[in-house]
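Trainee: sequence first, predicted coordinates after that:
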Amino acid sequence: MSRLLSIECAGLGANLLQTSPELAGLPGVSYGTTTAVFPAVTCVSQASFRTGCLPETHTVCCNGDYDRRKFRVDFWNQSAGLVQGPRIWDNLRKHGGQAAMLFHQQSLGENVDIVLSPAPVHKHHGGMIQGFLCRPDDLGANLTAALGRQFSLSSYWGPLSNGKSTAWITEATIQIMRDHTPDILLTYLPHLDYCQQKTGCENTPALRRECSFLAACLRQLLTAASGLGYEVLIWGDYAITPATGVIHPNQILREAGFFTTRTVAGGLTYPNLYDSRAFAMSDHQVAHIFLKSQDDREAVLRLFTGVEGIDQVCMPHDRHLSPTTAGDLVLEAKPGYWFSYQWWQKPSEAPDYATHVDIHSKIGFDPCELFWKFPFLSTATDCGLPRGTHGRTDAPCAVATTPGLASILQSPDLASLGRAFGEQTENPI
């Protein structure tokens, strides 16, 4: 049986194959398309692929999680315990095979042999110590020495994000294939997502350059994989689509008296989820509305029905989401629109973390963190800046495989794709 390499490329929509001849012309692979799993965001896509299940089974509903017992929103938590259900490598490891995961969210504590994930230490008086949580423990240090440079978290997310993150992960993936030769390896190349959120997904010289850079990294991986006996799957987790309008569900809930804040330091407001009757956990083109009492369901549903930019207000089971983790109501934006987490209208009311890269404090995903606020002392809060968004599933994702995996190109969605990929560990190629 050949070894298997999965390369997840953030934001690799099928439209980019027309934008980039380099991506469309990768040597030795066949091409296809598949459909993202709703909602089409990172953690849902990765959980669906690695379990081969839909969110109603693996329970991941977005990039964040709301603990109803603690009244606490937690975005980008890295615990593998948040992902329920089987893993596509379970049978392989049961029979002595090795599995590896690189830079996947919710991978810490996962039942694999090799894990590499950024895990910085935030110092008490400001600043950050960059580092990894990894298995084996010395993996991060050994990769840093072998590659001759550290991984920079600022190139992975924030206003300085760029292709250096993808380049480092590409080289690290090749090094792990050479040094450890896991039987199944899942890696993640991130930068195409950032550039499209920043500057858009239209066919521009800037986007073509970024696609060419990704294609060069993929060629490196394909060459190394071929020499080491790996069959390769390349897949996009979602397609980025144009962002032309924003919806502020927490402002709507606050004005209607459902969302409660507390005021500190002479005017800064912070969410009071303990006493809020309803709030929105926003994530790109989907927002989860959590209710303190189900008696408010119909009133909140009416509040969002007919709001400009909202395509539908539905129940979790209507979209194959788990009621244990999804909101009591789920909002889906119309094409071109996305949901902000902001609850304030006056800039003076914004919390201190609004103008910083602070992915764990906010009650929703904040694409404004990708932009500087002049004079470069903080990040922006202007929701008119993002040019790309995702979350809907009507734009297809690109897929490519080496010959031994060509049969899985027929998979209709990412959950089926992951399941078919994992089945290759049981069926010799």
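Mentor: That came through fine. Residues are numbered from 1 along each chain as shown.

Trainee: all contacts plus neighbour counts: C-alpha atoms, from now on.
Mentor: Will do.

Trainee: quick one, domains of this protein?
Mentor: 3-240+392-423, 245-386 (automatic domain parsing).

Trainee: let me know the average pLDDT across the first one.
Mentor: For domain 3-240+392-423, mean pLDDT rounds to 96.

Trainee: check the last one too.
Mentor: Confidence for domain 245-386, expressed as mean pLDDT, is 96.

Trainee: quick one on the thing from earlier: adding mean neighbour count, write the domains of the chain out as JSON lines.
Mentor: Shown next, in JSON lines, are the domains of the chain (neighbours: other C-alpha atoms under 10 Å):
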{"stretch": "domain 3-240+392-423", "mean neighbour count": "20"}
{"stretch": "domain 245-386", "mean neighbour count": "19"}
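
Trainee: ok so residue 254 is a strand residue?
Mentor: No: assessed with DSSP: H, G, I helix; E, B strand; the rest coil, residue 254 is helix; it does not lie in a strand.

Trainee: let me see the contact set for residue 162.
Mentor: For residue 162, the contact set (C-alpha atoms under 8 Å, 6 or more residues apart in numbering) comprises 155, 156, 191, 194, 195.

Trainee: make that residue 73, sorry
Mentor: 64, 65, 66, 67, 281, 362, 363.

Trainee: now, which of those sits nearest residue 85?
Mentor: residue 65 (17.1 Å; C-alpha to C-alpha).

Trainee: what's the nearest residue to that closest one if we skip its chain neighbours?
Mentor: Spatial nearest neighbour of residue 65, excluding adjacent residues (C-alpha to C-alpha, 6 or more residues apart in numbering): residue 74 at 5.2 Å.

Trainee: just to be sure, the one you found is in a strand?
Mentor: Yes: under three-state DSSP, residue 74 falls within a strand.

Trainee: which ones are touching it?
Mentor: By C-alpha under 8 Å, 6+ apart, the contact list for residue 74 reads 64, 65, 66, 67, 360, 361, 363.

Trainee: secondary structure class of the second one, three-state.
Mentor: Judged by three-state DSSP, the three-state class of residue 65 is strand.

Trainee: would you confirm that it contacts residue 325?
Mentor: Yes: counting by C-alpha atoms under 8 Å, residue 65 does reach residue 325; the two are 7.0 Å apart.

Trainee: so how far is residue 247 from residue 331?
Mentor: Residue 331 sits 11 Å away from residue 247, going by C-alpha to C-alpha, to the nearest Å.

Trainee: what do the two both touch?
Mentor: residue 310.

Trainee: related to what we said a few turns ago, including secondary structure and distance to residue 212, could the contacts of residue 162 go into TSV?
Mentor: Shown next, in TSV, are these (DSSP: H, G, I helix; E, B strand; the rest coil; distance: C-alpha to C-alpha, whole Å):
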residue	secondary structure	distance to residue 212
155	helix	18
156	coil	18
191	helix	12
194	helix	15
195	helix	13
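
Trainee: nearest to residue 421, of the residues you listed?
Mentor: residue 191 (24.0 Å).

Trainee: and the gap between the closest one and residue 343?
Mentor: 29 Å.

Trainee: next: residue 14.
Mentor: 35 Å.

Trainee: likewise for residue 354?
Mentor: Residue 354 sits at a distance of 11 Å from residue 343 (criterion: C-alpha to C-alpha).

Trainee: repeat for residue 93
Mentor: From residue 93 to residue 343 the distance is 47 Å (C-alpha to C-alpha).

Trainee: do the same with residue 383
Mentor: Distance from residue 383 to residue 343, by C-alpha to C-alpha: 12 Å.

Trainee: hmm, what's the outermost residue in the chain?
Mentor: No residue in the chain sits farther from the centre than residue 266, which is 35.9 Å out by C-alpha atoms, centre = their mean.

Trainee: secondary structure element for that one?
Mentor: Using DSSP states H and E, residue 266 sits in no helix or strand.

Trainee: contacting residues around it?
Mentor: Residue 266 is in contact with no residue at all, counting by C-alpha under 8 Å, 6+ apart.

Trainee: next SSE after the one helix or strand residue 225 maps to?
Mentor: In this assignment (DSSP H and E), residue 225 forms part of helix 205-227. Of the helices and strands lying after helix 205-227 in sequence (DSSP H and E), the nearest is strand 230-236.

Trainee: can you give the strand pairings for that next one, parallel or anti for each?
Mentor: According to DSSP bridges, strand 230-236 forms sheet pairs with strand 3-9 (parallel), strand 397-401 (antiparallel).

Trainee: tell me the bridge partners for residue 338.
Mentor: Under DSSP bridges, the beta-bridge partners of residue 338 are residue 246.

Trainee: could you check how far it is from residue 423?
Mentor: Applying C-alpha to C-alpha, the value for residue 338 to residue 423 is 36 Å.

Trainee: let me see the contact set for the residue nearest to residue 222 when sequence neighbours are not counted.
Mentor: Nearest non-adjacent residue to residue 222, counting by C-alpha to C-alpha, 6+ apart: residue 232, 7.2 Å away. By C-alpha under 8 Å, 6+ apart, the contact set of residue 232 is 4, 5, 6, 7, 222, 225, 401, 402, 405.

Trainee: how about JSON lines for the residues you listed, with distance to residue 308 added?
Mentor: Output for the contacts of residue 232, formatted as JSON lines (distance: C-alpha to C-alpha, whole Å):
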{"residue": "4", "distance to residue 308": "45"}
{"residue": "5", "distance to residue 308": "43"}
{"residue": "6", "distance to residue 308": "39"}
{"residue": "7", "distance to residue 308": "37"}
{"residue": "222", "distance to residue 308": "45"}
{"residue": "225", "distance to residue 308": "48"}
{"residue": "401", "distance to residue 308": "41"}
{"residue": "402", "distance to residue 308": "44"}
{"residue": "405", "distance to residue 308": "44"}
